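In: structure, please.
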Amino acid sequence: MFRINHRCINCGTCWQFDPDHFAPEGERASVHAQPVGKEATEQALLALQACPVAAIETERSLRQTTPVDGFPALIKEHPQGKVYYCGWASRRSFGACSWLITRPSGNVMVDVPRWSAPLARRIQALGGLRFIVLTHRDDVADHERWARTFRSDRWIHAADADAAPQAEQLITGSDAVPIVEGLQLIPTPGHTQGSLCALLGDARAVLFSGDHLWWNPEHRVVVASARYCWWDFATQLASVERLLDLDVALLLPGHGRRHTFAPGAWRTALEQTLLWSRRHHEA
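Out: Numbering: from 1, shown residues only. Sure thing, here's the model as predicted:
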């Protein structure tokens with residue numbers, strides 16, 4: 001039996017990773033369906049492990065069966081690299097998602113989870129970490145420990161660099177910067193002054209959007225949030241417009257649901273977001 005305790009901060013980690021069993025409900029997450037069977041139970045146990053505040057409870061004997069190699073969890077195989085969800089969310093970044101891209105030329109982590117020795121061992125077995133991309137100041141979590149362990153260079157925009165002053169690589173200005181073949185960083189200021197997105201590939205690309213954009217499954221729209229904008233929302237919408245011509249197949253945000261787009265659907269979705277947001281923001 002799984003249950004949510006009073007420590008829940010409603011960050012969405014559990015229901016983003018395992019929507020079959022967890023859901024948002026008012027001020028807390030809830031267990032909307034108990035897992036049945038080994039595979040479903042393992043999925044719920046990994047959501048328990050990922051929770052940044054230990055808000056998911058179950059019997060001790062069941063917890064002991066959590067798969068030791070569950071994270072990172074494979075999300076997508078792309079021509080430019082395999083994409084994994086890291087789990088082990090950090091309270092310091094309010095449960096934000098961290099992603100791992102494995103590539104023959106060196107692996108890249110996009111935003112960071114809380115430090116986890118088991119996760120570090122799994123990443124080492126997958127080839128270690130060449131780069132760590134910090135999409136904005138909110139989700140840097142335990143970047144120092146991860147960078148020190150793997151001797152990784154960290155990338156961050158100069159406008160948010162005070163959140164990670166030890167970062168080895170700074171992006172300045174608004175031009176997209178390729179950091180390895182097939183992976184570029186696109187400055188998208190607005191949510192914070194130094195927000196950026198990471199784009200894996202060109203055709204049918206994967207966009208790691210940080211807190212810039214996410215998917216709302218209830219309304220089936222891409223969201224750029226004025227409520228959770230900490231710098232300038234008009235600038236954020238201009239940054240959304242900058243992404244219109246991309247060919248995005250998969251959106252992987254720091255917060256909110258990920259989503260797969262059919263060919264051509266990305267531009268339509270962003271145009272809808274811009275129309276609605278500008279109409280309501282200007283009003």
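
In: residue contacts, L213?
Out: For L213, the contacting residues are 197, 207, 222-224, 240, 243, 251, 253, 273, by Cβ atoms under 8 Å, 6 or more residues apart in numbering. C-beta coordinates here come from the backbone N, C-alpha and C atoms, glycine included.

In: go on, R257?
Out: Under the criterion of Cβ under 8 Å, 6+ apart, the neighbours of R257 are 16, 19, 214-217.

In: any buried residues in the lengthiest helix in the chain, and which?
Out: Ordering each helix of the chain by length in residues (DSSP state H) puts helix 265-282 first. Under the neighbour-count criterion of 16 or more other Cβ atoms under 10 Å, helix 265-282 has 266, 269-270, 273-274, 277 buried.

In: repeat that for stretch 202-216.
Out: By neighbour count with 16+ other Cβ under 10 Å, stretch 202-216 contains the buried residues 205-215.

In: thinking again about what came up before, now the buried residues of helix 265-282 as JSON lines including distance to P35 and pLDDT?
Out: Below are the buried residues of helix 265-282 laid out as JSON lines (distance: Cβ to Cβ, whole Å; pLDDT from 0 to 100):
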{"residue": "W266", "distance to P35": "33", "pLDDT": "98"}
{"residue": "A269", "distance to P35": "32", "pLDDT": "97"}
{"residue": "L270", "distance to P35": "36", "pLDDT": "97"}
{"residue": "T273", "distance to P35": "34", "pLDDT": "96"}
{"residue": "L274", "distance to P35": "39", "pLDDT": "96"}
{"residue": "S277", "distance to P35": "37", "pLDDT": "91"}
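
In: circling back: go through the contacts of L213 and flag which are in helices.
Out: Among the contacts of L213, the members falling in helices are 240, 273 (criterion: DSSP H).

In: shouldn't S174 be in contact with P187?
Out: Yes. Between S174 and P187 a contact is recorded at 4.9 Å, counting by Cβ atoms under 8 Å.

In: tell me which of those two has more neighbours.
Out: The neighbour count for S174 versus P187, taken as other Cβ atoms under 10 Å, is higher for P187 (21 against 13).

In: what about the helices in the stretch 51-200 of the chain?
Out: 60-63, 117-125, 143-150 (DSSP state H, counting those that start in this stretch).

In: which one, of those helices, ends up nearest to S90?
Out: Comparing those by their distance to S90 (Cβ to Cβ), the top pick is helix 143-150, with 10.0 Å.

In: quick check: angle from the closest one to helix 117-125?
Out: On the basis of axes from the mean of the first three to the mean of the last three Cα atoms, to 10 degrees, helix 143-150 is oriented at 50 degrees to helix 117-125.

In: now, which of the contacts of R257 lie within strands?
Out: Within the contacts of R257, residues falling in strands by DSSP state E are 214-216.

In: tell me the mean pLDDT for stretch 180-198?
Out: The predicted model assigns stretch 180-198 a mean pLDDT of 97.
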